[in-house]
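Visitor: Predicted coordinates and the sequence they were generated for:
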Amino acid sequence: MEKPRVFANPINKKIDNVQELFQSNKDRGVNPVDVNKKINEIFASRNHVYKSKVKITLKDRVIDTDIVGKTNINLLTLDGSLIRITDIVDIERI
């Protein structure tokens with residue numbers, strides 16, 4: 001049985017696909033995906049029944065509060081305030 005022939009197109013140009021520019025944002029801290037993952041782990045924890053005491057590091061301050069719920073864009077606290085998830089740099093359970 002004869003194998004089929006394959007045409008290989010010749011490359012007659014210079015290939016230059018090297019990346020010359022790299023940008024990094026080190027002051028950002030924790031990745032937003034990691035923040036969402038941490039929030040979901042807090043709510044999925046066995047210790048979370050109604051509320052969880054957490055320390056939230058925002059862009060401009062640190063808050064110690066009790067969180068009771070979550071929407072797509074906010075965390076709900078026990079005292080009725082809303083904390084935007086996009087403003088959170090880090091979150092940890094106390």
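Guide: Perfect, I can see it now.
Visitor: from here on, contacts and neighbour counts on C-alpha atoms
Guide: Fine.
Visitor: that's a helix at Ile63, yeah?
Guide: No: assignment of Ile63 by DSSP: H, G, I helix; E, B strand; the rest coil gives strand, placing it outside any helix.
Visitor: which SS state does the one residue sitting closest to the centre of the chain fall under?
Guide: For the chain, the residue whose C-alpha lies nearest the mean C-alpha position (CA atoms, centre = their mean) is Val33; its distance is 1.4 Å. When classified by three-state DSSP, Val33 comes out as helix.
Visitor: if I look at it, how far off is Lys13?
Guide: The gap separating Val33 from Lys13 is 41 Å, by CA to CA, to the nearest Å.
Visitor: Now do the residue nearest to the centre of the chain against Ile88, distance only.
Guide: Distance from Val33 to Ile88, by CA to CA: 11 Å.
Visitor: that older thread, what about the residue nearest to the centre of the chain, distance to Asp90?
Guide: Taking CA to CA as the criterion, Val33 is separated from Asp90 by 11 Å.
Visitor: so which strand or helix has Asn47?
Guide: Using DSSP states H and E, Asn47 falls within no helix or strand.
Visitor: Neighbours of it, how many?
Guide: For Asn47, the count of nearby residues is 10 (other CA atoms under 10 Å).
Visitor: Lys3 now?
Guide: A total of 5 residues lie near Lys3 under the criterion other CA under 10 Å.
Visitor: for Val89, same thing?
Guide: By the other CA under 10 Å criterion, the neighbourhood of Val89 contains 20 residues.
Visitor: what about it, distance to Asn47?
Guide: Using CA to CA, Val89 is found at 23 Å from Asn47.
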